[in-house]
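Asker: Output the structure for:
(chains A and B)
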There are 2 protein chains.
Amino acid sequence: MSNPVLVVGSIALDTVRTPFGKIKEGLGGSATYFSVSASYFTPVKLVGVVGKDFPKRYVGMLKKHGIDTKCLEYKKGKTFRWTGNYDFDLSEAHTINTALNVFEHFNPKLPPDYASSPYIFLANIDPDLQMEVLKQVVNPHLVILDTMNFWISGKKKSLQKVLKKIDIFLLNESEARQLADESNLVRAARKIIAMGPATVIVKRGEYGALYFNSQSIFSAPSYPLENVFDPTGAGDSFAGGFVGYLARCGSKEDSCVRQAIIFGSVMGSFCVEDFSLNRLSRLSYPEILKRYHEIKQQAAFEAVNES
Amino acid sequence: MSNPVLVVGSIALDTVRTPFGKIKEGLGGSATYFSVSASYFTPVKLVGVVGKDFPKRYVGMLKKHGIDTKCLEYKKGKTFRWTGNYDFDLSEAHTINTALNVFEHFNPKLPPDYASSPYIFLANIDPDLQMEVLKQVVNPHLVILDTMNFWISGKKKSLQKVLKKIDIFLLNESEARQLADESNLVRAARKIIAMGPATVIVKRGEYGALYFNSQSIFSAPSYPLENVFDPTGAGDSFAGGFVGYLARCGSKEDSCVRQAIIFGSVMGSFCVEDFSLNRLSRLSYPEILKRYHEIKQQAAFEAVNES
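Answerer: Predicted coordinates for the structure are as follows:
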């Protein structure tokens, strides 16, 4: 198979309530959703930290997906926990409680075979830590970064430093507007490209995604779902499909990036169909391809041959 | 050229303020935006009412676009006036004042050559009036209807009666959710199709549009704009491009409906680039085709040939 992807991010136990049900201490965290999602496309090396209380069955699931967990650190203490809920429109997560626990002092050290990974995904963690990881990697082919509003507000300068060192920046719509201080999304994306990353991908949830570089714009649809159960992890699952497929392709070409974004949408759409990784962890590659082809059909329209 | 489109709707003088400027008593109204937009694709017959104060230059502009204004009624009294503003994100119109004036007793009567128009667009007016018009039309090829939240709240039963008589229903996202009493858009669209129209098109502004019928879903992108000046009339301009192109095509085939939706997006995108019909009324067909092709490029992605 293809190029391995290194991911550094959070591993959590999530307690979530939506209008459709609830789950207590289900597997969560940005690195987790990303890893399982990407594992359908390419080998994954996971760097993260958990407490001694982390359920063995979750590690078993990750290993079953071929994810390399040798840098999954077990620390004395409790695993990172997040408690949140969603209202009926599922548009926004309301955080009830965040207990960083062992994640508070996360300080990833990469062994040589990890540091030389061609594809690096820096999931949503402190930008100073993202920079620490970047200093350790050796000659990467592609570095992709995610962030969140919390770091844009609290550590903008650190984030801007990291942005100079990466290739592709994934963020959502409100984050793009906030970082660029610009309400128009096209202008916001241009301002962010001027900060460093050659490519900016703005995730818009059920509205798909927009991909910007200096030459082109790609407007990617999402997969219209009849049953959205829990939006937690959708963005990280999107990232997993996106980076995983890019690594599988091995190319940075525009056509490959566009396909990768569609695979991102596909993986995000599977993620939200159940709590935690319940749906995401039980997929097959043919199922993934089937949904890709459905999106392709749903987005198709013909050229007009008149003048 | 192609099949004529009959439009029945409002003609107004709009006073609008956005963060980017203001306009006093500019030409507005659903039938006006629709007519000018559709006129680039097909002949348009306009049915509406204005007061004696309606500026002659506006009628001149409509005529310059080849729009048939013989059923533009001049009544004693003032033209319909709307005053509204938009906040910085331009997402929602805040109505300051609505003065229906002569529009209050609008009661359209179609002459025979109008009643036999093959394409009928019932713009956003009282559903009882929409029904009155429908009773007058003779054997139409396609009937397309628009509405607004005001009628969904206040005249739901009348609206549901009209829905049984039409082919294509255009509405926006929140209206679809409201009418179907269902937050999930896919399920909402299915419920609305069960009310009568074979085709439902959900307009999502800067996020494009979704087209549903019993067999397929089409996810249409919008044209990402760097300069949105005034969103007033975007939905009616969308409808004009959509119905106008359908009439030009003369076909109800899926591929033609999909192209028509993209032309709807194109016309909506031009509309919002200036106040009133300032941009919309100064287009050329090659400019319209150019933007269609740009959207086609922006939406393109390749199939994946693996299994």
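
Asker: where do the strands sit along chain A?
Answerer: A:5-8, A:12-18, A:21-28, A:44-51, A:72-75, A:80-86, A:93-99, A:119-122, A:142-146, A:168-172, A:199-203, A:209-212, A:217-220 (DSSP state E).

Asker: per-stretch mean pLDDT over those strands, give me the minimum one.
Answerer: Ranked by mean pLDDT, those end with strand A:93-99 in last place, scoring a mean of 92.

Asker: helices or strands up against that strand?
Answerer: Using 3 or more Cβ pairs under 8 Å, 6 or more residues apart in numbering or on different chains; DSSP states H and E as the contact criterion, the elements in contact with strand A:93-99 are strand A:80-86. C-beta: built from backbone N, CA, C; applies to glycine.

Asker: returning to what we had before: could I get the strands of chain A as CSV with mean neighbour count?
Answerer: Output for the strands of chain A, formatted as CSV (neighbours: other Cβ atoms under 10 Å in any protein chain shown):
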stretch, mean neighbour count
strand A:5-8, 28
strand A:12-18, 22
strand A:21-28, 18
strand A:44-51, 25
strand A:72-75, 16
strand A:80-86, 19
strand A:93-99, 12
strand A:119-122, 27
strand A:142-146, 23
strand A:168-172, 25
strand A:199-203, 25
strand A:209-212, 24
strand A:217-220, 24
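
Asker: Can you tell me the strand partners of the lowest-mean-pLDDT helix or strand in chain A and which way each runs?
Answerer: Here the helix or strand of chain A ranked lowest by mean pLDDT, DSSP states H and E is strand A:93-99, holding a mean of 92. Strand pairing for strand A:93-99, using DSSP bridges, gives strand A:80-86 (antiparallel).

Asker: Check the offset of the strand it pairs with from the chain's centre.
Answerer: 18 Å (Cα atoms, centre = their mean, to the nearest Å).

Asker: That strand to strand A:44-51, inter-axis angle?
Answerer: 100 degrees (axes from the mean of the first three to the mean of the last three Cα atoms, to 10 degrees).

Asker: Leaving out sequence neighbours, find the closest residue to residue A:159.
Answerer: Closest residue to residue A:159 apart from its sequence neighbours, by Cβ to Cβ, 6 or more residues apart in numbering or on different chains: residue A:127 at 4.2 Å.

Asker: Let me see the contact set for the closest residue to residue A:21 other than its chain neighbours.
Answerer: Setting aside the residues directly before and after it, residue A:21 is nearest to residue A:275 in space (Cβ to Cβ, 6+ apart), at 6.9 Å. By Cβ atoms under 8 Å, 6 or more residues apart in numbering or on different chains, the contact set of residue A:275 is A:16, A:21, A:23, A:26, A:229-230, A:232.

Asker: Please list all residues in contact with the residue nearest to residue A:159.
Answerer: Shown in contact with residue A:127 (Cβ under 8 Å, 6+ apart): A:147, A:151, A:155, A:158-159, A:161-162.

Asker: if we can go back for a sec, not counting its own residues, what contacts the least confident helix or strand of chain A?
Answerer: For strand A:93-99, the external contacting residues (Cβ under 8 Å, 6+ apart) are A:78, A:80-87, A:231-232.

Asker: Let me know the angle separating that strand from strand A:12-18.
Answerer: Using the same axes, to 10 degrees: strand A:93-99 against strand A:12-18 is 140 degrees.

Asker: how close does the most centrally placed residue in chain A get to residue B:125?
Answerer: With distances taken as Cα atoms, centre = their mean, residue A:236 lies nearest the centre of chain A, 2.6 Å away. As for residue A:236, its distance to residue B:125 is 47 Å (criterion: Cβ to Cβ, to the nearest Å).

Asker: go on, residue A:178?
Answerer: 40 Å.

Asker: Looking at these two, which is more packed in?
Answerer: Higher neighbour count among residue A:178 and residue B:125: residue B:125, with 23 against 16, using other Cβ atoms under 10 Å in any protein chain shown.

Asker: got a pLDDT number for the more buried one?
Answerer: Per-residue pLDDT puts residue B:125 at 94.

Asker: likewise residue A:1?
Answerer: Confidence score, pLDDT, at residue A:1: 53.

Asker: where do the helices sit along chain A?
Answerer: In chain A, the segments counted as helices under DSSP state H are A:30-38, A:56-64, A:112-115, A:127-136, A:149-154, A:156-163, A:173-180, A:185-194, A:234-249, A:254-271, A:285-298.

Asker: contact partners of the first one?
Answerer: Helix A:30-38 is contacted by residues A:5, A:7-12, A:44, A:46-48, A:61-62, A:65, A:67, A:121, A:123-125, A:146, A:233, A:236-241, A:243-244, A:247, A:267, A:271, A:277, A:280-281 when judged by Cβ under 8 Å, 6+ apart.
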